[in-house]
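1. fold the following.
(chains A and B)
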Amino acid sequence: MKRSCAAALAATLFAAWLTAAPAAAETLDEILDRHFAAVGGRDKIAAVETARLTGRQQFGPQEAPFTITWKRPSKLRLEFTLQGMTGIQAFDGEQAWMVMPFLGKTDPEAVTGDDFKDMEQQADLIEGSLFNWREKGHTVELVGKEAVEGTEAWKLKLTRKSGDVSYVWLDAEAMLQIKAEGKRKRGDQEMEFESTMGDYKEVGGLMFPHSIEQRPKGAPQGMTITVEKVELGVAIDDEIFRMPAPKPAAAAGGAR
Amino acid sequence: MTLVPRWSGRLAAAVSTLVGALGAGSAPAQVPITSDTFGGLAARAIGPATMSGRIMAIDAVAGDPLTIYVGSASGGIWRSQDGGVTFRPIFDRHTQSIGDLRVDPADPRILWVGTGESRTRNSVSIGDGVYRSSDGGDSWVHLGLAESERIARVLIDPRERDTVYVCATGKLWSAHEERGVFKTTDAGKSWRKVLYVDADTGCSDLAMDPQEPRVLYAGMWSFRRYPDFFRSGGAGSGLWKSTDAGATWQPLTAGLPAAEKGRIAVQVAPSRASRVYALVEAGDGDTALYRSDDAGASFVEVNRSFNIQIRPFYFAAVVVDPVDHDRVYKPGLTLTISTDGGKSFTSPFLGGFGGPHSDHHDLWIDPRAPNRLLLATDGGLYRSENRGGTWIFVKSLPLGQFYKVSVDGQDPYRIYGGLQDNSSWVGPSESWGGIENKDWTSLSGGDGFATFADAADPNFVYTTIQGGRATRVDLTTGDAKDIQPYAGRGEAELRFNWNTPLVASPNDPATIYIGAQMLLRSRDRGESWERISPDLTTNDPRRQRQKQSGGLSIDNSTAENNTTIYTLAESPLDPREIWVGTDDGLLQRTLDGGATWTELSKGLAGVTPGAWISRVVASRHAAGTVYVTVDDHRRGDMRPLVFRSRDFGATFESLATPELEGYAWVIAEDTVSPDLLFLGTEWGLWISLDGGAQWARFEGGIPRRVAVHDLALQPRAGALVVATHGRSLYVLDDLTPLRELSAAVMARDVALLPSRPAEQRLRATIGSWFGGNDEFVGPNPPYEASIVYWLKKRHLFGDLKVEIRGADGELLATLPGGKRVGLNRVGWPMRLKPPKVPPASSVLFGGFEGPRLPEGRYEVRLIKGQETLTGHLDLVADARNPHSEEDRRLKQATEQRLYRGIERLAYVGDGLVALRDAARERASKLSGGARQRLGQLAADAETLRASFVMGGDGYIGGDVKLRERLGDLYGNVLGFEGRPSPSQLARLELLDEEVVAVERRFATLLERDLAAAAALLAKAKLDPIVLPTVDEWRARDQVGGATSPSPREIRQLLARYPGLPTLAADLAAAWPR
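-> Have a look, this model is predicted:
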C-alpha cells in the first residue's frame, strides 16, 4: 500500500539491475517492513488495545454469525450462534474455556491440550505471528517469489515457537497477505489447511481482510468467513474472558 | 461481438439481458491464456478406486506403523499417515510415473524419488529424473537426471546420507547415454555416472550390502521397445559389483549363465551380507534364481519355477526377509515364497484363488514386524498381517489406468471405460450418497478398452479386451456374448491393435465399427460384420513381429500387434464420411461409406512417416473439419503433434503450440462451442478457447502432468469426462463458463458470465450408510446453481460478493465470492435460508435446511467494490421430477406455512428468553413484593417457553414438544419432492393451532404481567423491559445456513458437535497472522 518515495525511487533507479537479479533484491526484513507499512504501520498495530470483529461464518451447509473480542495482550473470546444457541470459546491469558450448548450442555468447560495451544496462539489476534516474530520466539524465512493463484507473491515460511510450520503469501504488489497454508494438530491428528483472504478494508488506519476462506488442503469446499464489522478501541470488560462458574440448573434452558 | 450463449431455444432468451452487462464492442486481439485463466474451476475426482491401479514402489517408516508412501506406475505418490486407512496424493505437480521411492531411515522427513516406471510394458509412462523432499513429501525439489526417463532403484547410504545411488534404467524407446548407476555425494546437487555399459543398456536393479554400504551390486540390462516389438536382453546385460562405493566395478560371472542375459534383479539378505540373490533372465527358458553365499564371488542356480521365470521384464524382483536370510519372496505373476534359501517356492495364499490381484512389482516387509507385508500389484495395494496368508485390499487409491471412456444419455448419465489390466467398467456420474466403489460394475476381464452403451438401449454395452476381443454385455442378465469378427475363408488373419477401436456411429445407433487391418461394420449389434475397406495399413511384414516379440523371453500378448487400425471416426454430419488412423502412420478417409479410400498422412507436416495416428475426430460443427493427433513416442519422439483440416484432409494446419508438453493421445471438440477444444497428452489436460490457436493446461483439481488418454462429452449435462491413465476419472461438470470465456470477456477487468439454467436436482436422502474412512467416495455434482465471473486481476480491496434477489428485488442470499485471477465460481443452493428456530438446549435437525425457491428467474448481482454487475439465473425443475406442478406448488405452500410457524414460535421463544433474563436481572435489584412479582414474571416466561421447547440434549434426553413437532413435520415435507400427504396436512393444521395458542399466551404475558411489572420498574427507577418488535427481530442476524445438508453431511455435523469448539478454532485460525 504505502511504499515510501525512497523505495519507489530506488525501484526505478535499479529497475534494470532488478530484472537481472530479482532474487537478490529484497531481504525478509525489508519485505516485512513493506508488509506492515501496507497494513498501516507497526506503530498503529502496536497501539491497538482492543478489537471486536463481527460477521458470518459459513461452514459446509451452515451459516453462523460470530463475534470475536480481543484485548491486549492476549485475551480472546469467540462466540458463534447456531439456531439461536451461542457457543463460546475464550482465553483470558492463562486459562482457556468454552461453552458448547448444542447438545444440551451449557456449563463452561476448561479447554486443554492442543485446543488450548491453539487458543493461546490465536490470542495473538491483531499483531499475528509475523509481527515481532523474533521476540515471540517464532522463526520466519523468506522462501522466494512465486505465483499463487495467478498472482505474484512473496512466500514466507513461518515456524512457530510450538514447532508448527505454515506458509504465508504476501501479494507482491500490495504487500498484504493473500494466502496461508499449514498444519494444525488436533489431538493425535494432524490437519492440513489452506486459507485465502481478501476484501481488505481500512479500519482505524489499518487494513483488515473482510473475507477469508479456509479449507482442508486440496478439498473442493471449506468454510468462509465474512467480516461485517471491525471495531477498534471499544471498551471491553475483562470479565468476559474469564471462565464463569457453572450456571444454576434453572438457567440451563435457552442459553443465549 | 455477441455473448449470447450457445445453448439453444428458450434459453438463449434467458440470458440475453446479460449481453448488456458484459458489454459489446469490437473483439479485442488475442488475450494470452494460461492455467490461471481457468481460475477456480475444478474438476471432480470421481474415482473409481474399486480396481485401483498399478503400483511400483512402497516404502514406510520403520518403527512408525502409521506412515506409508506408495509410488504408482502413473498415478503419482500417495502418503498415508494412518497405517494405510486413508491416502493423500503428494506429487501432483510432477510426473505421475514413479520408479522407486525411499525414506531416509535416519530422518523420515527426507524422501528420495526416482521417477519413471522401469516395468517397461507397452503402455508405460515416462519420468523426468530424481526428486527429493525434506518435509515428508509436502514439497519437492527436482534434482536432475531429467533425461533418464525411468529409474528402477534409489539407495541412500545409511552412513553418509547425502550419498545416494540411482539405478537409471533409461530411455525405453531410444538409445541414450543418461542411464546406468549414478551417484551423488552432495544430496543431489551433482551426479556422477559410476557404472555405464552403453546407450542401450540401463540399470535394472541395485543392492547395497547391509553392513558395508561401500559394497554395491548392480544388474545391467540391455533392452528396447519399438512400436511393434520388444527386446529384453543383449550383450550389455550383466551383474556387477563394486566394493569401493561405486568407484570401480567388477563383473560377476561365476556360476551365472555365460550366454546373453536379460533383466536382472539382485538383493542382499539384510540379515547376512554374504547371501546374495540374483534373478537372471536368460534365453532358451534358462531364466532362474541364483544364490551366492560368498558375497557374489560365485553363484549357484537354486530355482526355475514358473513364477521365477515368467515375464522378467515385468516381474524381475526378489525381496529377502529382513531377519531370515533363507526366506525369500518373489513378487511376480503371483507371490511365491521360499523358506529354504530359494530352493523351493510355494504360494502363501490361503483360500485358493481369493488372493490379491495378480502381477506384483514390489513388496515391503516391516523390518520390525516381518509378518506385516505391503504388496504392490497391477490392481493396487494390498496389506497382509500374517506373512501373506490373507490380504486386505486398500480401497482408497483411485489409480485407475483408463484407456478409453464414454458416456451414455441417461440421467444421471453413466460412464463406461476400460483399464490397463483391470477390465471394463460402468458406473454413475452421480449416485445416492456419493459415487462409491460399489457403484461400479466390471463388464469383462483382462485389459479393458473401448466400452460404450448402445445408444438405443443402454442395457446393451459393447466392450473390448486387448487385441480386439469384443463382447456385448446385457446388463439385465449379465450375459456377455463374443462379437469379435473372425477371418473368413481364404482371408488373412485379422490384426487387431492392443487397444482396438470399437466405435458407434453418431448418426445411427444401430451401426458399430471395429478396426482390424481393414474397417468392419456391423448393423446387428456385432452379430455379423461386413468389410468396408481393403487393408488400410502398410501391411509391412517388418512391423508384424508380435509372435517373436520379447527378446530372450517371448512375450506374445498382442501388446506389440502392429499394422492395425488404431482410431476411427464417422462424421456426425455425414455417415458416409469415415476417418481411419493406423498405428503405422496412415490416415485414411472415405466420403462414400467405404467404397473408396484416400490416404492423407502426407499432409501432416513434421510427422515422421510411420508415426501412430493416435486420434482422428470428425467435427460436429463444420463439414470437412477433422482433428488429428499423432503420437510417435514409441520411436522416442515425445513431441505433441496436433492437426486440423478444414477441407476434408486436403491440407492440414498444426495446432501444436510451444506451451504443450507430452505426446498427444486425444483431442475433443466441445458439443456447443466450435472454438472450445480439449486435448489430452501424456502430461496433462489442455484447453483451447480459440480453436487451437492457444492452449493452456487445466490444473483445477487435476494433477498437472497426469496422462490423459481419453475424453468424453455429455451434451445434456454439459460435462467433460476425463479418462486418465493412472488417476481414474475426473468430471468437469459445467462447461458453460469455458464456452463463454471469449477474448472480449478476458479483456475486461471483471465480467459476470451467463449461467445456464440451474436444475433443482432431485436429491436422494437414502442409499448411504456408515462405513470407515478406508474407501474412496467420489463427490456428486454440486446440488447448486453456479454463478461464474471473470477477474483479470486478483481482487484485494473492498467487497466482492454475489447477491441473489427475487423478482421483487428481495435479497435472498449473499454469497462470498472468490478473489482469484481468472474464473471464479460461486455456488448457490437455490433455497431460502433455514428458518429461525426457537432457542432451546439442543439443535433442531429438521430446521437445518430452507425450502426450495420456486422455479423462475432470479437476479444475480456481482458486487466488486463500487461496481455492480447484473445478470440473472433461471431455476428449472429436474427433468426427472415426477411430481406435477400442482403437487409441487402444494408442497411449497405447505413448507412456507411450516417455515412461518417455526419462525413465529422462534419469535416467541426469543422474546421469552429475553423477558425471563431481564425480569430476573431486575428482580435481583428489587426487594419485597416487587422482587417477587418480577421473579414470578421470569418464572412464568420460562414455564411458557418450556411448554413448547424440548429440554435435555435433543438426542435421547428430552421430551418432544411443539418446536420439535413442527421441525419434524417441516423436515418431512421438505424431504419429499411431491405432494404432502393428507396426514401431514392435517397435522399442520393442529400444530398451527398450537402455535396460535402459544402466541396468545405470550401476548397475555406481555399485556397483563409485563405491563404490571413496568409500573413497578418505573417506580423503582429501573429500566423498562423492552422486547424487540417482529421487524427488529427479523432484522437480526439470520441463523442457520441456506445450503442443503445430505444425510452424510448431517452425520458429519452431528459427529462434529462434541467438538463444536473446532468451529470457533477454525474461525480464529483462519485469521491471517
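
2. pLDDT weak spots in chain A?
-> A:1-25, A:59-62, A:103-104, A:186, A:247-256 (pLDDT under 70).

3. the helices in the chain, which residues?
-> With no chain named, the answer covers chain A. A:5-13, A:15-20, A:28-39, A:42-47, A:113-122, A:133-136 (DSSP state H).

4. my question was about chain B, not that one.
-> So, for chain B - with DSSP H - the helices run B:10-14, B:16-22, B:306-309, B:312-315, B:736-740, B:743-747, B:885-924, B:928-948, B:962-974, B:982-1004, B:1011-1019, B:1030-1035, B:1047-1056, B:1061-1070.

5. switch these over to TSV; also include mean neighbour count and distance to residue B:567.
-> In this view, the C-beta of every residue, glycine as well, is placed from N, C-alpha and C. Putting the helices of chain B into TSV (neighbours: other C-beta atoms under 10 Å in any protein chain shown; distance: least, C-beta to C-beta, whole Å) gives the following:
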stretch	mean neighbour count	distance to residue B:567
helix B:10-14	14	34
helix B:16-22	17	39
helix B:306-309	18	36
helix B:312-315	25	27
helix B:736-740	24	25
helix B:743-747	19	32
helix B:885-924	20	47
helix B:928-948	18	70
helix B:962-974	22	50
helix B:982-1004	15	57
helix B:1011-1019	15	86
helix B:1030-1035	11	63
helix B:1047-1056	15	41
helix B:1061-1070	23	50
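
6. what would the ones you listed look like in a markdown table with mean pLDDT and distance to chain A?
-> Output for these, formatted as a markdown table (pLDDT from 0 to 100; distance: least, C-beta to the nearest C-beta, whole Å):
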| stretch | mean pLDDT | distance to chain A |
| --- | --- | --- |
| helix B:10-14 | 36 | 27 |
| helix B:16-22 | 37 | 21 |
| helix B:306-309 | 96 | 39 |
| helix B:312-315 | 97 | 33 |
| helix B:736-740 | 97 | 16 |
| helix B:743-747 | 96 | 13 |
| helix B:885-924 | 94 | 4 |
| helix B:928-948 | 94 | 6 |
| helix B:962-974 | 94 | 10 |
| helix B:982-1004 | 96 | 14 |
| helix B:1011-1019 | 91 | 19 |
| helix B:1030-1035 | 82 | 11 |
| helix B:1047-1056 | 42 | 6 |
| helix B:1061-1070 | 46 | 4 |
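
7. hang on, residue B:597 packs against residue B:535?
-> No. Here residue B:597 lies out of contact with residue B:535, judged by C-beta atoms under 8 Å, at a distance of 10.2 Å.

8. which of these two has more neighbours?
-> residue B:597 (20 against 16; other C-beta atoms under 10 Å in any protein chain shown).

9. tell me where the stretch 101-250 of chain A has strands.
-> Secondary structure of the stretch 101-250 of chain A by DSSP state E, counting those that start in this stretch: the strands cover A:109-111, A:139-148, A:151-159, A:165-171, A:177-186, A:189-198, A:201-203, A:206-208, A:211-216, A:223-232.

10. ugh, typo on my part, it should be the stretch 701-850 of chain B
-> B:708-714, B:719-724, B:729-732, B:750-752, B:758-760, B:777-778, B:785-791, B:800-805, B:811-816, B:822-828.

11. which one of those lies closest to residue B:163?
-> strand B:719-724 (36.3 Å; C-beta to C-beta).

12. how about residues contacting the closest one?
-> B:43, B:75, B:400-405, B:407, B:413, B:415, B:417, B:429, B:668, B:678, B:680, B:685, B:702-703, B:706-714, B:729-735, B:781 (C-beta atoms under 8 Å, 6 or more residues apart in numbering or on different chains).

13. tell me the strands beside it, with direction?
-> Strand B:719-724 pairs in its sheet with strand B:708-714 (antiparallel), strand B:729-732 (antiparallel), by DSSP bridges.

14. and the strands of the stretch 701-850 of chain B as CSV, adding mean neighbour count and mean pLDDT?
-> As requested, the strands of the stretch 701-850 of chain B are exported to CSV (neighbours: other C-beta atoms under 10 Å in any protein chain shown; pLDDT from 0 to 100):
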stretch, mean neighbour count, mean pLDDT
strand B:708-714, 24, 98
strand B:719-724, 27, 98
strand B:729-732, 26, 98
strand B:750-752, 23, 98
strand B:758-760, 21, 96
strand B:777-778, 23, 94
strand B:785-791, 23, 97
strand B:800-805, 20, 96
strand B:811-816, 18, 92
strand B:822-828, 23, 95
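
15. residue A:182 bridge partners, please.
-> Those that pair with residue A:182 in a beta bridge, by DSSP bridges, are residue A:166, residue A:193.

16. and it, how many neighbours?
-> The burial count for residue A:182: 19, using other C-beta under 10 Å.

17. quick one, what contacts it?
-> Per C-beta under 8 Å, 6+ apart, neighbours of residue A:182: A:158, A:164-167, A:192-193.
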